[in-house]
Each structure stands twice: as structure tokens, then as C-alpha cells.
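Participant: Fold the following for me, if possible:
(one chain, ligands or ions: 1)
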Amino acid sequence: MVNNAAMNLDPALLEIIVCPDCRGALAVDDAASELVCTGCGLAYPVRDDIPVLLVDEARATGRS
Ligand SMILES: [Zn+2]
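Facilitator: As a prediction, the model looks like this:
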């Protein structure tokens, strides 16, 4: 089964979490199931609707 549903993230959680690397704000990317830092451009994966805010798990997007 393919699950293309948007992530179901808690808005209250999204307001308090920041990039662990640069403390920048995180933007939701539903298509990639990632949270993309608006500061340094790292993209953090979201697994089972839980953001994985670990720099070791993040993917560099080149955005900044
Ligand atoms: Zn960042």
C-alpha cells in the first residue's frame, strides 16, 4: 500500500521545534515528508509523523 497522505504533525509541536544545528525555523515539506530548515537548508526526515531532529539524520538540500 502506498501512503501519499500528508504528514500529520502537531501544530503546537511545529511552533516550538527549531533546527538543532542553527536554531532556524523549520518549514514543512509534505511532498518529501521532511522538515526543511529555513536557516541552513538541512532537511530532517519525518517518520511515523514524528520529526527526527538529528543532524546526523538530516539531508543537505543546498537551500539556504
Ligand atoms: Zn538549520
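
Participant: Distance of the nearest residue to residue 19 once chain neighbours are set aside relative to residue 47?
Facilitator: Counting by CB to CB, 6 or more residues apart in numbering, residue 37 is the residue found nearest to residue 19 once chain neighbours are left out, at 3.9 Å. Where you see a C-beta, it was placed from the backbone N, CA and C, and this is true even at glycine. Between residue 37 and residue 47 the distance, using CB to CB, to the nearest Å, works out to 17 Å.

Participant: The two: who's more crowded?
Facilitator: Between residue 37 and residue 47, residue 37 has the larger neighbour count (other CB atoms under 10 Å), namely 25 against 10.

Participant: so what's the more buried one bridging to?
Facilitator: With DSSP bridges applied, the residues forming beta bridges to residue 37 are residue 26.

Participant: hang on, it packs against residue 25?
Facilitator: Yes: the pair residue 37 and residue 25 passes the contact test of CB atoms under 8 Å, sitting 7.5 Å apart.

Participant: Please enumerate the shared neighbours of the two.
Facilitator: residue 19 (CB atoms under 8 Å, 6 or more residues apart in numbering).

Participant: can you pull the contacts of residue 59?
Facilitator: When contacts are counted by CB under 8 Å, 6+ apart, residue 59 touches 34, 42-43, 45.

Participant: By mean pLDDT, which helix or strand of this protein comes out lowest?
Facilitator: Using mean pLDDT, DSSP states H and E, the weakest-scoring helix or strand in the chain turns out to be helix 11-16, at a mean of 92.
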